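Participant: Okay, predicted coordinates and the sequence, questions at the end:
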Amino acid sequence: MESTDLDWRTLARRQWPLVLALLFFLGGETVSEASWWQLPGSLVACAIAVIAPRRPFDAALAVASALVASSLLLRVVDDVASPPLIGRIVVTEGGAAMAVIAILVRSARPVRAVLGTAAVVAAVVATTWLRPDYWARYYERYEYDGPALWQELTASGLMLLIAVGTGLYFRARDRERATAVRAEVAAAQNAERMALARELHDVVAHYVTGIVVHAQAAQAVPDAAPRVLPVIVSSGNEALTAMRRLVGTLRGTEADAPAATSDLAADVREVVSSSGQPARLHVDLPAVVSPSLGRSVLRLVQESLTNTRKHAESVSTVEVSVTLVDDVVHVVVLDDGRAQRSAPVGGSGGYGLVGMRERVALLGGTFHAGPRPAGGWEVRAALPLTT
């Protein structure tokens, strides 16, 4: 049975705002029957703690809705909370709004970040219109004039700047980390290519040098040609065998790749049906394509389906489309799943995205892989029919 210690640690690390909000309220006075309406503030904190790290835009809408709902509730409440209690509500709602904006700016796409921030700001502005009656009763009961308008605007502006600035800072840091990771990956790939080039050079040089020596001997001593030529043939075959063995070792999983036949459309259908996944397939291909293009198309479809099976959860359907448009073969594989929380069992599936991108580049095509705006993952490749 798998241990759950890591899950609990991860939960505690990610849900600290929820724990902080609960401690904040438990440390104060007991909620009376007349002041039960304080709960929307704590629900806002729960929303940011549970939703924001994974779905920041939805969390922003939830926070905006909770702020408006809390304000509407205050309009119909006769009881006025004590200063400590109302202070906790204001701090909780304000802190939740700031946290949501910061997370949204950090992780969401620019358009969604702007829209989500605007929704939260609009909700905060709406509270100033929905809550005046309550604040008037509060100030009258506790004989407090309340802050001036410029003070409220200044405080709100500072909170917004802090939230946006925090999000931009972490967004820039995440971008720097991603750039550093890409640089490390590129350096590792370059080092691996250099090592492979040296290995291939050593293998080829060993046999080719022998072939050259024997060929020169045959030229110098024509009578020795009958004895030397078989040696040259043998050395050439050994060189080919060694190179095939080396390439096979480097591309160990390539042997599992589907073999293209003369009917590419049928081959694609076979690959999709053998994947064992619920899939919708659309194929529109010419009768004849080059062998290299056929192998690449099959490999792209197979690797995409393998990645979906290994890395995605709750996939209801996979859409596979292989069509010819204006002498360009378009390969599209879409799924509606979500990324697995843990690493997939079985390690990497062959080349992965890097291998697919390199395969497409060799044929002069274009490649894209990434998350879909509506959820799920997409792989798109465009391969010229003639290369």
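Facilitator: Yep, that arrived. Keep in mind it's a predicted model, so treat the numbers as computed, not measured.
Participant: So what does F367 have for phi and psi?
Facilitator: Phi and psi for F367, reported as degrees, to the nearest 10, are phi -140, psi 140.
Participant: Specify the beta-bridge partners of it.
Facilitator: Going by DSSP bridges, F367 is paired in beta bridges with A381.
Participant: same thing with the one 10 residues further on?
Facilitator: Under the criterion DSSP bridges, W377 forms beta bridges with D335, P371.
Participant: ok, now how distant is it from S296?
Facilitator: 20 Å (CB to CB, to the nearest Å). Yep, even glycine has a C-beta here, placed from its N, CA and C like the rest.
Participant: Settle it for me: which of those two has more neighbours?
Facilitator: Using other CB atoms under 10 Å, the more surrounded residue of W377 and S296 is S296, with 25 against 22.
Participant: hang on, the more buried one packs against V360?
Facilitator: Yes: the criterion here is CB atoms under 8 Å, and S296 meets it with V360 at 7.1 Å.
Participant: For the two, list the residues in contact with both.
Facilitator: L383 (CB atoms under 8 Å, 6 or more residues apart in numbering).
Participant: confidence score at N237?
Facilitator: With respect to pLDDT, N237 scores 77.
Participant: In terms of helices and strands, where is it?
Facilitator: Using DSSP states H and E, N237 falls within helix 225-250.
Participant: How about the secondary structure of V379?
Facilitator: Taking DSSP: H, G, I helix; E, B strand; the rest coil as the rule, one finds V379 in the strand state.
Participant: in what helix or strand does F57 lie?
Facilitator: Assigned by DSSP H and E, F57 belongs to helix 56-75.
Participant: Apologies, that question was intended for A163.
Facilitator: helix 149-220.
Participant: How about V333?
Facilitator: In this structure, V333 sits in strand 328-335 according to DSSP H and E.
Participant: Give me the contacts around that strand.
Facilitator: 285, 289, 293, 297, 300-301, 304-305, 308, 312, 315, 317-324, 365, 372, 376-385.
Participant: Average pLDDT for that strand, rounded please.
Facilitator: Strand 328-335 shows a mean pLDDT of 93.
Participant: quick one: low-confidence parts of the stretch 51-200 of the chain?
Facilitator: Scanning the stretch 51-200 of the chain with the threshold set as pLDDT under 70 gives 51, 74-92, 129-152, 199.
Participant: How about residues contacting stretch 269-282?
Facilitator: So stretch 269-282 is in contact with 258, 268, 283, 298, 301-302, 305-306, 308-309, 315-323, going by CB under 8 Å, 6+ apart.
Participant: on that earlier part again, list the buried residues for the helix holding F57?
Facilitator: 56-57, 59-64, 66-68, 70-71, 73-74 (16 or more other CB atoms under 10 Å).
Participant: Let me know the closest of those residues to V212.
Facilitator: Among the buried residues of helix 56-75, P56 lies closest to V212 (CB to CB), at 64.8 Å.
Participant: check contacts around that closest one.
Facilitator: V100, I103, L104, R106, S107, A108, R112, G116.
Participant: Kindly recompute the last result at 7 Å.
Facilitator: The neighbourhood of P56, defined by CB atoms under 7 Å, 6 or more residues apart in numbering, consists of I103, L104, S107, A108, G116.
Participant: What's the first helix or strand after the helix or strand harbouring the first one?
Facilitator: Under the assignment given by DSSP H and E, the secondary-structure element containing I103 is helix 83-107. The first helix or strand that comes after helix 83-107 along the chain, using DSSP H and E, is helix 110-130.
Participant: mind exporting that following helix as PDB, just the C-alpha atoms?
Facilitator: Extracted C-alpha coordinates of helix 110-130, given in PDB (Å, rounded to 0.1, in the frame of the first residue of the first chain):
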ATOM      1  CA  PRO A 110      -2.400  37.700 -19.700                       C
ATOM      2  CA  VAL A 111      -5.900  38.100 -21.000                       C
ATOM      3  CA  ARG A 112      -7.400  35.800 -18.200                       C
ATOM      4  CA  ALA A 113      -5.300  37.600 -15.600                       C
ATOM      5  CA  VAL A 114      -6.600  41.000 -16.700                       C
ATOM      6  CA  LEU A 115     -10.200  39.800 -16.800                       C
ATOM      7  CA  GLY A 116     -10.000  38.000 -13.400                       C
ATOM      8  CA  THR A 117      -8.300  40.900 -11.700                       C
ATOM      9  CA  ALA A 118     -11.000  43.200 -13.200                       C
ATOM     10  CA  ALA A 119     -13.700  40.900 -11.800                       C
ATOM     11  CA  VAL A 120     -12.200  41.100  -8.300                       C
ATOM     12  CA  VAL A 121     -11.700  44.800  -8.400                       C
ATOM     13  CA  ALA A 122     -15.300  45.300  -9.700                       C
ATOM     14  CA  ALA A 123     -16.600  43.200  -6.800                       C
ATOM     15  CA  VAL A 124     -14.600  45.300  -4.300                       C
ATOM     16  CA  VAL A 125     -16.000  48.500  -5.900                       C
ATOM     17  CA  ALA A 126     -19.500  46.900  -5.700                       C
ATOM     18  CA  THR A 127     -19.100  46.400  -2.000                       C
ATOM     19  CA  THR A 128     -18.800  50.100  -1.400                       C
ATOM     20  CA  TRP A 129     -22.200  50.600  -3.000                       C
ATOM     21  CA  LEU A 130     -23.900  47.600  -1.400                       C
END
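Participant: Show me which of the contacts of stretch 269-282 are buried.
Facilitator: Looks like the contacts of stretch 269-282 have 258, 268, 283, 298, 301-302, 305-306, 308-309, 315, 318, 320-322 buried, using 16+ other CB under 10 Å.
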